[in-house]
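[1] would you be able to build a 3D model of this:
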Amino acid sequence: MDKNFRRNREEKEIIKQFENFLRTNQNGFFDSRTYEKIIQFYLSKNKNNKALKACEIAAEQYPFSVEITVLKAQALSNSGKHEDALELLEEAGHMHPNDVEVNNTKADILCQTGKYIDAVAIYHDLLPNVEEKDEVYYNIGMAYQLAGQYKKAAAAYKNAIEININNTNAIYELAFCLDVSGELEASISYYKAFIDEDPYSSYAWYNLGIVYNKLTQYEKAVDAYEYATIIDDGFSSAYFNLGNALISIEKYGLAIDAFEKTTALEGASDEVYCRMGECFEGLDEFETAIKYFRKALKIDDKNGEAWFGIGNCLSRQEKWIQAAHFFNKALKADDNNPLFWQNLAEVEYQAGNIISSIEAYQEACLLDSSNKEIWLDWSFIFFEQGDHERAIDIIQNGIEELTEDAELYYRATAYLISAGKYKEAFVYLENALILDFEEHTVLYEFFPRLETQKALFKIIEQYRTK
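    Next up is the predicted model:
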């Protein structure tokens, strides 16, 4: 019989007995380890009141159990009673000053209450008393990270990795902190030092791949991930990341191979099926792509990326109305994704549903005002409808958000000239030419008449000679 099945059955029987005692007001008796299992069960189900009740009963029978005290503190903290939890742990700490679980739980609760530096001090005190020091350094890193001290967090994560190169949590967080603190590129030498020490460390190559990927050096990321898989052909995460990096350089066939290996090692998942769907879409094999997106939805019908992927395939085949249906499905799964709104806006526009398109662009812009394409496409709808004032207003708002983007200034110039506002247009044109002179050719798309193009050319050439 499967061990997990037997364990689950035993757990259910214990919980049933305990709850029966509660209903009948009987004084049940369990050994302390069983009480711990009961409390942990309730904590895992977020049933904190029942966990506390179990703690109270257990504490009456085992008043000196450190394990039950720690679990009670967790239940109190989960219920928002952080001060009570800390007070309980403080008392336990007087009796057991070097107990790892007491101090670790205290530090965890301090982090939950925003007292990150106090937590760091406790974690440091724990280091001499624990075997898995990498986990303590990881917790120190998380505390510093939550406090916004990314360089100190990175140093702690490095300590964790130097102790245990396989600490994947520390690896991921280190890359994030180095990225935020602008030190990601400098960390390449750090990972290469690991490789020089142990060239056959699959995790060292894998980590290097993550850094290259974050730096958008996808070819190098591919090489690093491939080395990781050569060293360890069962490294499913390396195959998955390899597939993603190959998508970034449009090597879709090779990416599919990598994802198939991921599936062979880990089993089917909606995430991998979505990536495979993306690959077949990149190969213009839309029917096969849709098949994989549907496979993802069979696993999780709330996967917005899968609904979006189907919509994208239909959009690329100019099936605008059908595409809009699936983009709306994607938004039901995740209405905070600006890309979903942007693509919905595009297909609604193509389908002739102007009002719906404008509304979708507005939502997309609220979620991602740094995407210039949204400002350009949204404003163009009004320009095309002859509402130059509204088009100008939207593009000016875009310039306020993206003050260094030349294309927005050129677009404002085009709209203002079309509205007859020449003096204002030339102010925007001058700014655009300063930002990116070579991009001025985008203006000619708005003025197909040769006479207008010649006039603009003369003005632009005068600026070139300044």
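
[2] excluding residues flanking it in the chain, which one is nearest the spatially most central residue of the chain?
    Nearest to the mean C-alpha position of the chain, by C-alpha atoms, centre = their mean, lies Phe176 at 10.9 Å. Nearest non-adjacent residue to Phe176, counting by C-beta to C-beta, 6 or more residues apart in numbering: Gln145, 7.8 Å away. No exception for glycine: its C-beta is placed from N, CA and C like everyone else's.

[3] what of Ile354?
    Sequence neighbours aside, Ile381 is the residue nearest to Ile354 in space, at 6.4 Å (criterion: C-beta to C-beta, 6+ apart).

[4] in what helix or strand does the one you found lie?
    Taking DSSP states H and E as the definition, Ile381 sits inside helix 372-384.

[5] related to what we said a few turns ago, tell me how far the residue nearest to the centre of the chain lies from Ala153.
    9 Å (C-beta to C-beta, to the nearest Å).

[6] which helix or strand in the protein has the lowest average pLDDT?
    Of the helices and strands making up the chain, the lowest-confidence element is helix 3-24, at a mean of 70, by mean pLDDT, DSSP states H and E.

[7] buried sites along the helix or strand that that helix is followed by?
    Counting by DSSP H and E, the element after helix 3-24 in chain order, helix or strand, is helix 32-44. By 16 or more other C-beta atoms under 10 Å, the buried positions in helix 32-44 come out as Thr34, Tyr35, Glu36, Lys37, Ile38, Ile39, Gln40, Phe41, Tyr42, Leu43.

[8] same question for stretch 447-457.
    Across stretch 447-457, burial judged by 16+ other C-beta under 10 Å covers Phe447, Leu456.

[9] so how far is it from its chain's centroid?
    47 Å (C-alpha atoms, centre = their mean, to the nearest Å).

[10] and for that stretch, what's in contact with it?
    Residues from elsewhere that reach stretch 447-457, judged by C-beta atoms under 8 Å, 6 or more residues apart in numbering: Ala414, Ile417, Leu443, Tyr444.

[11] check stretch 316-332 too.
    Stretch 316-332 has contacts (C-beta under 8 Å, 6+ apart) with 281, 284, 286, 304-305, 307-308, 310-312, 314-315, 337, 340-341, 343-344, 347-348, 350-351, 353, 356.

[12] try it again at 7 Å.
    Contact partners of stretch 316-332, identified using C-beta atoms under 7 Å, 6 or more residues apart in numbering, comprise 286, 304, 307-308, 310-311, 314-315, 340-341, 343-344, 347-348, 350-351.

[13] tell me, how many residues neighbour the residue nearest to Ile354?
    19 (other C-beta atoms under 10 Å).

[14] mind starting the numbering at 402 from now?
    Renumbered: residue one is now 402, and that last one reads Ile782.

[15] what residues go with each domain of this structure?
    What automatic domain parsing lists as the domains of the chain is 697-769, 771-867.

[16] okay, those, which one's buried deepest?
    domain 697-769 (a mean of 20; mean count of other C-beta atoms under 10 Å).

[17] span of that one from start to end?
    Chord length of domain 697-769, first to last residue, is 27 Å (C-alpha to C-alpha, to the nearest Å).

[18] what's the answer for stretch 576-591, then?
    End residues of stretch 576-591 are separated by 12 Å (C-alpha to C-alpha).

[19] any low-confidence regions in the protein?
    402-409, 425-429, 865-867 (pLDDT under 70).

[20] quickly find the element holding Leu477.
    Using DSSP H and E, Leu477 falls in helix 467-479.

[21] now the angle from the helix or strand just after that helix to helix 467-479?
    Heading C-terminal from helix 467-479, the first helix or strand you meet, by DSSP H and E, is helix 483-496. Helix 483-496 and helix 467-479 meet at an angle of 160 degrees, taking axes from the mean of the first three to the mean of the last three C-alpha atoms, to 10 degrees as the criterion.

[22] past helix 483-496, which element shows up next along the chain?
    helix 501-513.

[23] show me what the helix or strand just after that next one is packed against.
    Next helix or strand after helix 501-513 toward the C-terminus (DSSP H and E): helix 517-527. Counting by 3 or more C-beta pairs under 7 Å, 6 or more residues apart in numbering; DSSP states H and E, the packing neighbours recorded for helix 517-527 are helix 501-513, helix 534-547.

[24] again, only this time at 10 Å
    helix 501-513, helix 534-547, helix 551-564 (3 or more C-beta pairs under 10 Å, 6 or more residues apart in numbering; DSSP states H and E).

[25] list the buried residues of that helix.
    Those would be Tyr517, Ala520, Val521, Ile523, Tyr524, Leu527, for helix 517-527 by 16+ other C-beta under 10 Å.

[26] go on, stretch 664-681?
    Buried residues in stretch 664-681, counted by 16+ other C-beta under 10 Å: 664, 670-681.

[27] hmm, back to that, ok, so of the buried residues of helix 517-527, who is nearest Asn560?
    Tyr524 (11.4 Å; C-beta to C-beta).

[28] reformat the buried residues of helix 433-445 as a markdown table; add distance to Leu453.
    Shown next, in a markdown table, are the buried residues of helix 433-445 (distance: C-beta to C-beta, whole Å):
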| residue | distance to Leu453 |
| --- | --- |
| Thr435 | 17 |
| Tyr436 | 13 |
| Glu437 | 14 |
| Lys438 | 16 |
| Ile439 | 12 |
| Ile440 | 9 |
| Gln441 | 13 |
| Phe442 | 13 |
| Tyr443 | 9 |
| Leu444 | 10 |
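
[29] re earlier: could I get the buried residues of helix 517-527 as a markdown table with distance to Arg424?
    Listed next are the buried residues of helix 517-527 as a markdown table, based on distance: C-beta to C-beta, whole Å:
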| residue | distance to Arg424 |
| --- | --- |
| Tyr517 | 43 |
| Ala520 | 40 |
| Val521 | 45 |
| Ile523 | 40 |
| Tyr524 | 42 |
| Leu527 | 41 |
